[in-house]
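> build me a model from this:
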Amino acid sequence: MGSSLPQKEANLFKVIVKSYETKQYKKGLKAADAILRKFPEHGETLSMKGLTLNCMDRKSEAYELVRRGLKNDLKSHVCWHVYGLLYRSDREYREAIKCYRNALKIDPDNIEILRDLSLLQAQMRDLTGFIETRQQLLTLKPNHRMNWIGFAVSHHLSSNVSKAIEILEAYEGTLEDDYPPDNERYEHGEMLLYKISLLEECGLLEKALEEMQKKEAKIVDKLAYKEQMASILVKLGFLEEGEKVYRSLLFMNSDNYRYFIGLQKCLGLYSENGQYTSDEIERLDALYKSLKEQYSWSSAVKRIPLDYLEGDKFWEAADCYVRPLLTKGVPSLFSDLSPLYDHSGKASILEELLLQLEDSIRMTGSFPGRTQKEPPSTLMWTLLLVSQHYDRRGQHDIALAKLDEAIEHTPTAIDLYSVKGRILKHAGDLAAAASLADEARSMDLADRYLNSECVMRMLQADQVGLAERTAVLFTKDGDQHNNLHDMQCMWYELASGESYFRQGDLGRALKKFLAVEKHYADMTEDQFDFHSYCLRKMTLRAYVSMLKFQDKLHSHEYFHRAAAGAIRCYMKLHDSPIKATTEEGDEMSKLPPSQRKKLRQKQKKAEARAKKEAEEKTEEEAFSGTSKPGKRQHTRPVDLDPHGEKLLQVEDPLLEATKYLKLLQNNSASSLATHILSFELNMRKQKILLAFQAVKQLLKLDENNPDCHRCLIRFFDKVSSFPAPVTDSEILIRNVLEAELPKISQLHGRSLVEVNQSFLEKHKDSLMHRAAAAEMLLVLEPEKKLEAIKLIEDSTNKLAPVRNGALGPVREWKLEDCIAVHKLLETVFIDEDAASRWKARCVEYFPYSTYFGGCRSSAVAFSVNHNIQNAPENGVLAYQEAKSEESHSLNGKLHAFKDLTI
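Alright, predicted model coming up:
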């Protein structure tokens, strides 16, 4: 570096490098300028000056200087390395790799460049190149531990586990017998545990067990050692030894469910599906009774038996489990019990038990069979649990009655208002649910969870403005809205985007959905720093686990929702393009194409100029806020499109949607929603074979799903309307479809009308299936519109069959399904009379629904009591930002403790 310079300038060049490494950028610039005054075209100095400027956020100057330096000295590995670092800082990893490879052609044994290249190859999962680079590093520096470990990890990531084991054993062969020293014991122990996990993964269990016993003294993490030992012993069938290890682990942590499962496996008492014979249940009961005596403080040892016990024994165990938690007042008790509702017969037992406890406390003030009086709060917590039980069963009127009684008993209990809001949300009164959540929040203004729940309820009720003002109460001062984005608050952005989409504001909806997508891109980038850190600190098991997690990161539910939301926005934008309504837009449309093109170019230049001015202003503000030499305060880029208007100005919305569809297809292929979106998108793009591929995937996943049936009928109805193929591509498509048609079992020798009728007969008792069949009847035979509507109206809302032994009149129809049918009648059938009849019918089943205007909904209450003429913010009824005293009667009668002083 700087070898072509005289001694004085060569020393200054070293100062530049050192200043860059120590982040003293102004000092480095000063040294670079001193060299460039004498040698203005020195390539390496120009490159280093550009790299320094890049760290000061002067990117345009940086790229210009680095490219100029490279042009002046193409044979310098420093210039290529710096160019690669520049690309790396902008996340252009493929370009950076090219630059590093060019640098290595000039200096093939440069350790720094090889190390940087290996990090990029790990980031990009170029595993073949990663292995080669790590091997080269090991060859150059075989006495460096990190090179051995990196080479082993590279083979592990390439699924060559046996080779990774060989490398680690070769590394151990280079160590002395008394290794490691005290300051490296933990790192060495982590390497040993990593090697043992590789042996276990490779199936060499005996060797892994031998290694553990041999190296026990050198492993510092005793908890991980015992867990690994127990796992290997169980896999080898040494169940008695495994039982001893699991019992020792339980002694360390008696609330870890995995240890209980491991102990059950050792005793032959574990079933994946949770089904046990009567003999196994007796043995399990005896086991947990003995464990309960040993670990009386453990909640897990009392909760686990509820999963396998039945009948009277289940009643007894549930009674013993619930009583102390009701006395103590545990708000999360129902969440703990809710998985039991999926077990046959247990819901009815819980209902009888809870009602018996409620009656006993109400009548005697104590639990059944006890004389000791319970504290007054026990009745309140019991009523809360009973209300949550009825909410789970869909009996919202009973649930709300119980909650109102609990609120009257203890009007200061915050959880009652939160749960009441949740029940009203399930019942369909989103506005009242938001109001209740706001009441709960106002009772404890320092509780972030209550604030977040309130924001979520407001967004579900499409009160976006109120939600934003509520959310920023827990953000930093300044630009609070961007602060939520910086905190990667994805649940807020998703709920906000979905609310904007429901309201038809596609620009803001897209902005929220794409913000979530950017968070996932940032998470992918965040792994970069760990490629060197984890190898240095030897946290190898966690490192490999993190890489595997990153490989399936985009299969997470939040990303799926964001990508699906963005695709729907783009499809809606394609179906209803944004028209130019301004005078400027009208004028542009009248211009000839050549002048229109010039005007667009002029607008783009003006936008670029405005953006540059905003950046310069931000830069000046940042420099004025400099606190220490060379260090600048973090500056947030200016958002030039706060409402997402520019996101709507895309030339091809379907092309943008395809980018996100490919991510869903690669990461969420098992989701019906992915293939439904694929079908809708490709039908709009006239990509017939891709749409057919989506139909096949849907039928493979769930052929009885109503949406799958819709896609099947719509696709073949569309294909049947095509004219005779003329071009080669059309003939090819027709031949492929004819070859694949026999594989579609639903169509064997039948017309589409017959397929639709068969589907209806098969699912005649399901509302959503009948609606799908009716919609397809309208598609196939438009003249039978009245008959199709009759198919829907003839649906009956029967009492649900006795599921899980639950008692009481619970109807089959769900609120969201009935809303979907109403929208179908309004928008697809375009029949206002039928939609009105359906709405009148649903009012009876869903009295709390604001959508249907139920008699008990807040919409009706406010219209009667307050004579509201205009809807509040975002078009939502039944919410006032400044709540009147009368509105408190809807929210738990808070006036009862309005003047309470503490």
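
> can you show me the CA trace of stretch 513-528 as PDB?
Provided in PDB are the C-alpha atoms of stretch 513-528 (Å, rounded to 0.1, in the frame of the first residue of the first chain):
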ATOM      1  CA  PHE A 513     -46.600  -3.300   3.600                       C
ATOM      2  CA  LEU A 514     -43.400  -2.400   1.800                       C
ATOM      3  CA  ALA A 515     -42.000  -1.100   5.100                       C
ATOM      4  CA  VAL A 516     -42.500  -4.600   6.600                       C
ATOM      5  CA  GLU A 517     -40.800  -6.100   3.600                       C
ATOM      6  CA  LYS A 518     -37.800  -3.800   4.200                       C
ATOM      7  CA  HIS A 519     -37.600  -4.900   7.800                       C
ATOM      8  CA  TYR A 520     -37.100  -8.500   6.600                       C
ATOM      9  CA  ALA A 521     -34.400  -7.300   4.100                       C
ATOM     10  CA  ASP A 522     -32.700  -5.500   7.100                       C
ATOM     11  CA  MET A 523     -32.900  -8.700   9.200                       C
ATOM     12  CA  THR A 524     -31.200 -10.600   6.300                       C
ATOM     13  CA  GLU A 525     -28.500  -8.000   6.200                       C
ATOM     14  CA  ASP A 526     -28.100  -7.900  10.000                       C
ATOM     15  CA  GLN A 527     -26.600 -11.400   9.900                       C
ATOM     16  CA  PHE A 528     -23.500 -10.100   8.100                       C
END
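
> what's in contact with it?
91, 119, 123, 485, 488, 490, 493-494, 497, 546-547, 550, 553-554, 556, 558-559, 561-563, 565-566, 569, 647, 660 (C-beta atoms under 8 Å, 6 or more residues apart in numbering). All C-beta atoms are positioned from the backbone trio N, CA, C, and that covers glycine.

> of those residues, buried ones?
Those of the contacts of stretch 513-528 that meet the buried threshold are 119, 123, 485, 490, 493-494, 497, 547, 550, 554, 556, 559, 561-563, 565-566, 569, 647, 660, by 16 or more other C-beta atoms under 10 Å.

> pLDDT weak spots in this structure?
1-3, 477-482, 579-591, 593-600, 602-638, 800-809, 859-902 (pLDDT under 70).

> for the residue nearest the centre of it, what are its contacts?
The chain has residue 558 as the residue nearest its centroid, 2.6 Å off, counting by C-alpha atoms, centre = their mean. Residue 558 makes contact with 490, 491, 494, 516, according to C-beta under 8 Å, 6+ apart.

> which of the contacts of stretch 513-528 fall in helices?
Applying DSSP state H to the contacts of stretch 513-528, the entries found in helices are 119, 123, 485, 490, 493-494, 497, 546-547, 550, 558-559, 561-563, 565-566, 569, 660.

> grab the nearest non-local neighbour of residue 497.
Using C-beta to C-beta, 6 or more residues apart in numbering and skipping the chain neighbours, the partner closest in space to residue 497 is residue 512 (3.1 Å).

> try residue 785
residue 778 (5.8 Å).

> who's in contact with that neighbour?
784, 785, 788, 828, 829.
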